[in-house]
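# fold the following for me, if possible:
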Amino acid sequence: METRSAKLIVNKSGGTASEKSKTYRVTIPNSWVEQLGISEDNREIELSFDGTEITVRRKQTMQEYKDTHNSNKLLQLQFFHGDSLCTTILADETAEKVLIENHTSDPLYTAFGVNDDPDWQDYQSFLEERCIPKSRAGLQEYLNAIGVDEYQPLEIIRKTKGRMAEDRSWLEVTEL
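Model prediction:
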């Protein structure tokens, strides 16, 4: 492993940020960036922080994630509006990680709107939004009617395809 020392570049934040706000940047050696497979055309990265260390890596595609993560709880959800596939969601229930690929540029029809990098909580909220509300009167009768024992959004979506009366969107769930 190669190690180098560097200094952070500190800038004052602009716009509507508070007057004491700052942004921090670091310069990464070109050879490291090339080894990561990052280029001007493909420069999305993933940052991780464990409380003491920051890790920088190239953001994996869905296929790369599928190929390298042998989770026993990997799901693919396809979110449609009518007949059009709008978003593919890869959900790793073991690692609680979500990757998405939007197939339309219209945020009204994507699963997470303008959010291109949803976290696990965003995913859980999305699933609940595609179900009957948990506080709905007669919930237990509804669950019994569709063959679900308790309120579990993913199980409800498996039965109902996440169809809602007020829109034409729906989901297809596949275990990988």
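
# how much space between the closest residue to residue 147 other than its chain neighbours and residue 102?
Using CB to CB, 6 or more residues apart in numbering and skipping residues adjacent in sequence, the residue nearest residue 147 is residue 159, 6.3 Å away. In short, each C-beta sits where N, CA and C put it, glycine included. Distance of residue 159 to residue 102, computed by CB to CB, to the nearest Å: 26 Å.

# the two - which one has more neighbours?
Ranked by neighbour count (other CB atoms under 10 Å), residue 159 and residue 102 place residue 102 first, with 18 against 13.

# was I right to think the more buried one contacts residue 86?
Yes: look at residue 102 against residue 86 with CB atoms under 8 Å: they come within range, at 6.9 Å.

# so what's in contact with the two at the same time?
Common contact partners of residue 102 and residue 86 (CB atoms under 8 Å, 6 or more residues apart in numbering): 110-111.

# circling back to that earlier point, hang on, the residue nearest to residue 147 in a strand?
No: assessed with DSSP: H, G, I helix; E, B strand; the rest coil, residue 159 is helix; it does not lie in a strand.

# was I right about it contacting residue 144?
No: Residue 159 lies out of contact with residue 144 (CB under 8 Å); the separation is 11.5 Å.

# give me the pLDDT for residue 172.
Residue 172 is assigned 98 on the pLDDT scale.

# from residue 157, how far out is it?
9 Å.

# neighbour-wise, which of these two wins?
Between residue 172 and residue 157, counting by other CB under 10 Å, residue 157 is the more crowded of the two (21 against 15).

# my guess is that one contacts residue 169. True?
No: between residue 157 and residue 169 there is no contact under CB under 8 Å: 11.5 Å.

# who touches both of the two?
Common neighbours of residue 157 and residue 169 (CB under 8 Å, 6+ apart) are residue 130.

# show me the protein divided up by domain.
Following automatic domain parsing, one gets these domains for the chain: 9-59, 70-175.

# save the ones you listed as a markdown table, and put in distance to residue 3 too.
A markdown table is the format used below for the domains of the chain (distance: least, CB to CB, whole Å):
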| stretch | distance to residue 3 |
| --- | --- |
| domain 9-59 | 11 |
| domain 70-175 | 28 |
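
# of these, which stretch is the most buried?
Most buried of the domains of the chain, by mean neighbour count (mean count of other CB atoms under 10 Å): domain 70-175, with a mean of 15.
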